[in-house]
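J.: Fold the following for me, if possible:
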Amino acid sequence: MKLDSKFEEFRSSAFKTAKSDAPRKTGAQLQTYFAILTTLQALLIGSVAMMVCFVRYEVPLEAFLVLIPLSALVFIVSMLIGHYLAEPLAILYQQTRRHHMGDKFEFVAKGHLVEADNLADTFTSLTETLNATQGDLNLRGSRQETFISDVAHELRTPLTAISGNAEMLLDPDLPPDMHERFVKTIINESGRLSRLTTDLLSIERMKNTTKQLRISRVNLGDIARDVVSNLSPILSEQEANVEIIGEAPDVLGSRDKLTQMVTNLVDNAGHFIEKGGKITIELASVKDNAVIAVKDNGPGFGNVDPKLLFERFYRTDFSRNRNKGGSGLGLAIVKSIVEAHDGTVEALNLPEGGACFIVAIPSID
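T.: Below you'll find the predicted structure:
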């Protein structure tokens, strides 16, 4: 027989022995210690009483023999009481081992002792907490694997384009017009890689510096007007009609981050409208919140869960971000910025067509 198989048999045998003997051993120890301690106390008290009787009342020494059956009786009664006290602990021990082996249940000590019941409730609460923590860890691990896969996929496309076009440039007989075309493709894909890297770093910074933002009093209306002015060259290419309506109270936040948030929303809307389309930036005050809504008259985002739009690299069937050079992280950045300002963001399809993204941030007087 091989050494590995012998070791497995030995380990299995030892495990079975420990599994069968451990609960009984735990109960026996507590019973024995309790019975011995009680018997010794009874002997001590009995001996003192007999000595007093011998000195004061001249009781014969043969009376001390009564202590022997009395001690035996006390020991037996103590063993029964010890068993009664040890049983809940033995039950909890067995349940703990079963739970360790994979059984899922609530710990119950059968109500013999209040302390044992409290301990069982504590075990149950601890188990629920551990299960919830384990679920969160599994979810985070799954999201991390998905994120790595998505990043690898996003990097593969521009890198393949850059590599393929660079190889074509090595052809000495390549026509000048094709040469220029391949160079432009390499430049565009390199810019796309740069934007992807910048957006990824932006999301990570928002996670790590949420409580370190340099905040001040900010007016969302001023930010909206600055964003439209900064994006005017891009919006002009789309011949977009941009309108800013309403007013919103000031908020306390990072002007740079809030500008990036509005920029991403307006830029996202510009990706979906046709030439000559319309983008509306509406400002309002709702229940102590400053609200900014960015609407467009594009195709909307279809019949999908709006929460998915804010996941990293998520694209709907209507999305053209890949063709426009987007990284697929714009709305994820919006969500991280809004949450860093204790706000909320949601998306919806407009009845007349198009999409609407609504951001609400707590306002200040």
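
J.: Every contact and neighbour count from this point should use C-alpha atoms.
T.: Noted.

J.: Please tell me how far the spatially closest residue to residue 349 that is not a sequence neighbour sits from residue 346.
T.: Excluding the flanking residues, the one nearest residue 349 by Cα to Cα, 6 or more residues apart in numbering is residue 355, at 4.6 Å. Distance of residue 355 to residue 346, given as Cα to Cα, to the nearest Å: 11 Å.

J.: helix or strand for the residue positioned nearest the centre of the chain, which one?
T.: Centroid check for the chain by Cα atoms, centre = their mean gives residue 136 as the closest residue, at 4.6 Å. Per DSSP states H and E, residue 136 falls inside helix 114-169.

J.: Remind me what that helix packs against, helices and strands.
T.: helix 67-100, helix 176-208 (3 or more Cα pairs under 8 Å, 6 or more residues apart in numbering; DSSP states H and E).

J.: Deepest-packed of the ones you listed, please.
T.: With neighbours defined as mean count of other Cα atoms under 10 Å, the helices and strands packed on helix 114-169 peak in mean count at helix 67-100, which reaches a mean of 17.

J.: what's the offset of it from the middle of its chain?
T.: Distance, stretch centre to chain centre, for helix 67-100: 44 Å (Cα atoms, centre = their mean, to the nearest Å).

J.: how big is the angle separating that helix from helix 114-169?
T.: 20 degrees (axes from the mean of the first three to the mean of the last three Cα atoms, to 10 degrees).

J.: Generate JSON lines for the helices and strands packed on helix 114-169, with distance to residue 289 and mean pLDDT as supplementary columns.
T.: Output for the helices and strands packed on helix 114-169, formatted as JSON lines (distance: least, Cα to Cα, whole Å; pLDDT from 0 to 100):
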{"stretch": "helix 67-100", "distance to residue 289": "48", "mean pLDDT": "74"}
{"stretch": "helix 176-208", "distance to residue 289": "22", "mean pLDDT": "75"}
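
J.: For my notes, please list those in CSV and give distance to residue 247 for each entry.
T.: Putting the helices and strands packed on helix 114-169 into CSV (distance: least, Cα to Cα, whole Å) gives the following:
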stretch, distance to residue 247
helix 67-100, 59
helix 176-208, 27
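
J.: would residue 359 count as being in a strand?
T.: Yes: looking at residue 359 with DSSP: H, G, I helix; E, B strand; the rest coil, it is inside a strand.

J.: who's in contact with it?
T.: 291-293, 338, 343-346 (Cα atoms under 8 Å, 6 or more residues apart in numbering).

J.: Point out where the stretch 101-250 of the chain drops to low pLDDT.
T.: Along the stretch 101-250 of the chain, segments meeting pLDDT under 70 span 102-113, 143-144, 146-147, 149-151, 153-154, 157, 195, 199, 202-212.

J.: which of residue 355 and residue 346 has more neighbours?
T.: Per other Cα atoms under 10 Å, whichever of residue 355 and residue 346 has more neighbours is residue 355, with 23 against 15.

J.: Now do the more buried one, the pLDDT please.
T.: pLDDT, residue 355: 91.

J.: measure it to residue 296 for me?
T.: Separation of residue 355 from residue 296 (Cα to Cα): 6 Å.

J.: in stretch 330-343, what counts as buried?
T.: 330-341, 343 (16 or more other Cα atoms under 10 Å).

J.: out of the helices and strands packed on helix 114-169, nearest to residue 40?
T.: Closest to residue 40 of the helices and strands packed on helix 114-169, according to Cα to Cα: helix 67-100, at 8.2 Å.

J.: still on that earlier bit, out of the helices and strands packed on helix 114-169, which gets nearest to residue 310?
T.: helix 176-208 (12.1 Å).

J.: Next secondary structure element downstream of that closest one?
T.: Next in line after helix 176-208, if elements are assigned by DSSP H and E, sits strand 216-218.

J.: Parallel or antiparallel, list what pairs with that next one.
T.: Paired with strand 216-218 in the same sheet, following DSSP bridges, are strand 251-253 (antiparallel).
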